[in-house]
Every structure is written in C-alpha cells, then in structure tokens.
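Colleague: structure for this input, please:
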Amino acid sequence: MRIRLLHLTLCLTSATLGAAIPNAAQSQASRAAASAPARSGYADVNGLHMYYEVHGGSTSRPPLVLLHGGGSTIGTNFARVLPLLSASRQVIAVEMQAHGHTRDVDRPFTFEQCAEDVAALLTQLHIAKADVFGFSNGGTTALQLASHHPAMVNRLIIGSANYKRSGMQDWFWPAMEKGTFADMPKPYADAYLKINPSQEGVHAMHDRDLKRMLAFVDIPDSVIHAIQAPSLVIVGDRDVVRAEHAIELSRLLPHGRVSILPGGHGEYLGEITFPNVDDRMLRVFVTLADEFLTSPINEP
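Modeller: Numbers count the residues shown, from 1 in each chain. Below you'll find the model as predicted:
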C-alpha cells in the first residue's frame, strides 16, 4: 500500500489538478444540495449533550467518523469535503465539548476525555467499529480513541496532528503562550456565533482550546506503537505540524502510511481559513483517503 499511496499522491497532484471541473457556480450549488445531513441530533454522553450529524446513506462500508480541530465546527473544517466523503459511505461528524452546537460543561477538557465522548456516542448509535478521520486536535483525539478503544477503530486517518510537542513548528509554542482571544481566526468566531450567538460561549471555546494546548504532554511512543489499526498520516508541506513529525508518526504506527500534500494547515480539506482552494485539490485528498480506506489491509 505504501507504493500505491505514494504513486496515487504524485499522479493526483499532477494530473488531477489539470483536469476539467465544473464551474464555480455549479460546484457551490452541488455542495449546497449535498451538504445537508441526513439527520442530526444530540446524545447525552459522560455529562455532555453532544451534537452529531449523519451524512450519506450507504452502509456497505464501515461508517467514517469526522473529528474536527480546535476552535472549529463540523462546517469550518469539513463543509467542502463532506459531500465528497459521504457520496459512497455513511459519515458521522461530531462537535466536541464547547464547540459549535455542543455547549460547554463544568468538567476537564482533554484529548482523552474527547475520545471517551466519541466512544460513548458510537456506542449509543450502535456502531461497533468505524473508520476515523481526525483533523488537527481531532487527530490527536483520534489517536487517543484508537489507543483506549482499539476494537472500535477499523482504520485511522490522522490529518495535520501532533503527538509530541516537538512536532509543531518552532514558532508555535511561543505563540500559544502569548495567545489571546483577539488572535482567534475571525471565521472560527463567526461560525460559532452563527450557531450560538453567545460571547461567553465563544470565549469559553477559545479558552478551553488554548489551555489544553498549553498543557499538552507528549503521548508516549509505546502508546502510539501499540495502535494496530491501519493508519494514514497526512500533512501539508507548509503545515503547522512539521512534515518530519508526520513521517515519524507514520513509522511509529505499526501499520502506518504517510502522505505530504501541498499547502498549509487544512488547505487540502478546503478548511474555512482557506476559502479559495480549488475543488480539484479537494478531490485529491478525498481520492487519497478513499484509496487508503478501501485497499486490502495486507497489500504491500
């Protein structure tokens, strides 16, 4: 699979980006029609009233669970790729404590706790096993989920996430230490306030994420090495997470693969802070993910 993934990445970023695509108006109309969830709801898990959405209807494959990053919502991270990801499978997207539709509660906010919330949600939805894609902080949560609930995770995609403090660019931690609410990207704040017009809520989200990152402790190598789920690590070549760290993570995972895509943090997803990403780049990512999720596990 390592050779096929590398070959696929090279082919897609050269050939697919040169292929014809529908015009912008058609693309936006198609996304708007396809992005509405088949259903949405709340689950009471571990003292949290947790919001989730179910997209797509096909159950011929394991469902794909999407875990967003810090300061984000389902929409800010995944709106542009959700229609593509859910075209051939069921996708379950969640919003974590203090984010989006899921209100904050008086309890610790950690990657381990978020993983427990996701596990409890899947149990309530009667999902015994799922593929999991976590982006940014959601990727770190996905690693915790795969570690603490290995039977629940079929395959794992880790997008632009770290498991060690040294995995971030040199400027990242000094910037975190000086971080204030004024530094929060405006599209994130606007997206939250559109869902929940509460200044107290959006400040709580920012403060929760900042405090969690400042307190981040390396996940031991032994914990990562014990994860047996086939895993694909994805990072942008101008990402907040160093490409070298993504390679290190992929090699530490027993069944790990890695792909380095053009762009910054979440650009390959068309994340909200990158509004002008070409649709062809989104298809590169989705095709790469689908190749990984559907290829035989024992493929060399």
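Colleague: relative to Pro220, how far out is the residue sitting nearest the centre point of the chain?
Modeller: With distances taken as C-alpha atoms, centre = their mean, the chain has Phe135 as the residue nearest its mean C-alpha position (2.4 Å). As judged by C-beta to C-beta, to the nearest Å, Phe135 and Pro220 stand 23 Å apart. (Each C-beta comes from the backbone N, C-alpha and C, glycine too.)
Colleague: ok, now Ile234?
Modeller: 23 Å.
Colleague: do Val235 as well
Modeller: 21 Å.
Colleague: who's more crowded, those two?
Modeller: Higher neighbour count among Val235 and Pro220: Val235, with 30 against 12, using other C-beta atoms under 10 Å.
Colleague: and the helices in the stretch 151-300 of the chain?
Modeller: Here the stretch 151-300 of the chain has its helices, by DSSP state H, counting those that start in this stretch, at 172-177, 186-195, 199-214, 221-225, 243-252, 279-294.
Colleague: show me what contacts the residue nearest to the centre of the chain?
Modeller: Phe135 makes contacts with 66-69, 77-78, 159-161, 266, 269, 271, as judged by C-beta atoms under 8 Å, 6 or more residues apart in numbering.
Colleague: and for Ala98?
Modeller: Ala98 neighbours (C-beta under 8 Å, 6+ apart): 104, 109, 201, 204-205, 208.
Colleague: same question for His101.
Modeller: 42, 51, 73, 95, 195-196.
Colleague: what do you get if the cut-off is 10 Å, keeping everything else the same?
Modeller: With contact set as C-beta atoms under 10 Å, 6 or more residues apart in numbering, His101 has these partners: 40, 42, 49-53, 73-74, 94-95, 192, 195-196.
Colleague: how about the closest residue to it other than its chain neighbours, secondary structure?
Modeller: Leaving aside its chain neighbours, His101 sits nearest to Tyr51 (3.6 Å; criterion: C-beta to C-beta, 6 or more residues apart in numbering). Under DSSP: H, G, I helix; E, B strand; the rest coil, Tyr51 falls in the strand class.
Colleague: cheers, nothing more for now.
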